[in-house]
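S.K.: Sequence unavailable; structure follows:
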């Protein structure tokens with residue numbers, strides 16, 4: 001009996017070891033689902049959204065500090081005043097702006113929409129990169145058409161998810177939900193506020209996509225990636241603290257007790273920014289960025305399931321159709337990007353072969 005159980009355990013360990021990249025990305029998407037759920041819960045129960053971001057970034061800085069020390073200690077790139085200013089400004093218009101918009105907007109949208117809107121980030125990143133001529137595409141090439149079409153479909157899906165309702169879909173018995181909507185507030189105060197929340201959430205994703213685009217040039221100047229992210233979180237913490245103090249002068253807003261608010265900011269800072277970032281970096285280095293991005297829709301699925309069971313959140317047919325468009329658009333962008341990279345590799349190999357042939361012919 002003991003040998004059988006030990007053999008079963010050994011088989012499970014081998015499977016996990018073999019599929020650890022898959023396990024890591026599933027954990028990351030679960031973490032992102034938790035971010036939407038816990039952020040929504042804390043803000044809805046009355047925590048100041050700007051204070052939430054300040055505390056979250058403080059925890060994120062502390063969580064990333066050990067990783068930065070152990071993994072980037074051999075990278076001793078100097079920090080000039082100009083580079084520090086650049087990091088400060090990118091933190092301000094990227095992380096700080098994005099997180100403050102996200103946290104303010106989540107009080108007026110569902111946690112499911114917050115997770116769904118994240119799927120627009122690859123499309124928005126592509127469009128912003130094209131606008132700044134960092135990325136290019138050709139309407140004559142099918143991969144380029146797919147990337148552009150996928151971006152449009154993804155953004156259209158977000159709008160459908162937000163504004164098209166349709167009939168209700170009841171997947172669970174509402175009376176058996178763990179939390180009542182009176183305890184976890186999920187209602188929208190007015191139709192105008194819900195529309196405002198959706199638009200602000202999309203604006204937050206646009207700011208985050210801009211931050212991703214700006215990282216390309218920043219990483220070239222300062223290759224210590226984890227330390228760079230820690231610095232940006234530190235600057236964002238300072239910026240968010242100043243902004244929160246300007247927006248709310250009440251000292252009691254900064255009080256943290258041993259409750260959901262403390263757990264939420266610690267979770268978002270440590271698990272989402274600290275552990276999840278390191279796992280994503282590891283997966284990208286081992287499997288590539290496209291492998292990591294393909295798991296993004298899982299956060300939407302996890303959030304929808306937990307919201308339905310825990311908070312009695314109602315899903316509408318329009319939301320489901322919007323989610324399908326979001327995910328479909330995302331995979332169109334991924335396919336187009338993957339096909340374009342493959343074509344570039346083939347073209348490079350052909351060019352190298354031609355050069356070698358010319359050299360041999362000349363000799």
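M.R.: Yes, it's here. Computed from a predicted structure; not experimentally measured.
S.K.: Is the residue most central in space within the chain in a helix, a strand, or coil?
M.R.: For the chain, the residue sitting closest to the mean C-alpha position, by C-alpha atoms, centre = their mean, is residue 118 at 5.9 Å. Of the three states, residue 118 takes helix under DSSP: H, G, I helix; E, B strand; the rest coil.
S.K.: okay, it: pLDDT?
M.R.: If you check residue 118, the pLDDT there is 85.
S.K.: Next, the buried residues of stretch 36-46.
M.R.: 36-44 (16 or more other C-beta atoms under 10 Å). Just so you know, the C-beta spots here come from the backbone N, C-alpha and C atoms, and that holds for glycine as well.
S.K.: Same check on stretch 156-169?
M.R.: Buried residues in stretch 156-169, counted by 16+ other C-beta under 10 Å: 156-162.
S.K.: Residue 297 is in contact with the residue nearest to the centre of the chain, correct?
M.R.: No: at 9.2 Å, residue 118 and residue 297 do not qualify as touching, with contact defined as C-beta atoms under 8 Å.
S.K.: re earlier: tell me who's in contact with the residue nearest to the centre of the chain.
M.R.: Taking C-beta atoms under 8 Å, 6 or more residues apart in numbering, we find residue 118 in contact with 32, 205, 296, 299-300.
S.K.: With respect to residue 213, which of these is nearest?
M.R.: For these, the closest approach to residue 213 (C-beta to C-beta) belongs to residue 205, at 12.7 Å.
S.K.: need the contact list for that closest one.
M.R.: Contacts of residue 205 (C-beta under 8 Å, 6+ apart): 98, 117-118, 120-121, 124.
S.K.: Give me the local confidence score for the residue nearest to residue 166 when sequence neighbours are not counted.
M.R.: Nearest non-adjacent residue to residue 166, counting by C-beta to C-beta, 6 or more residues apart in numbering: residue 317, 3.7 Å away. As predicted, residue 317 sits at a pLDDT of 82.
S.K.: hmm, back to that, any chance of a markdown table for the buried residues of stretch 36-46, columns pLDDT and secondary structure?
M.R.: Formatted as a markdown table, these follow (pLDDT from 0 to 100; DSSP: H, G, I helix; E, B strand; the rest coil):
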| residue | pLDDT | secondary structure |
| --- | --- | --- |
| 36 | 90 | helix |
| 37 | 90 | helix |
| 38 | 91 | helix |
| 39 | 92 | helix |
| 40 | 90 | helix |
| 41 | 89 | helix |
| 42 | 91 | helix |
| 43 | 91 | helix |
| 44 | 87 | helix |
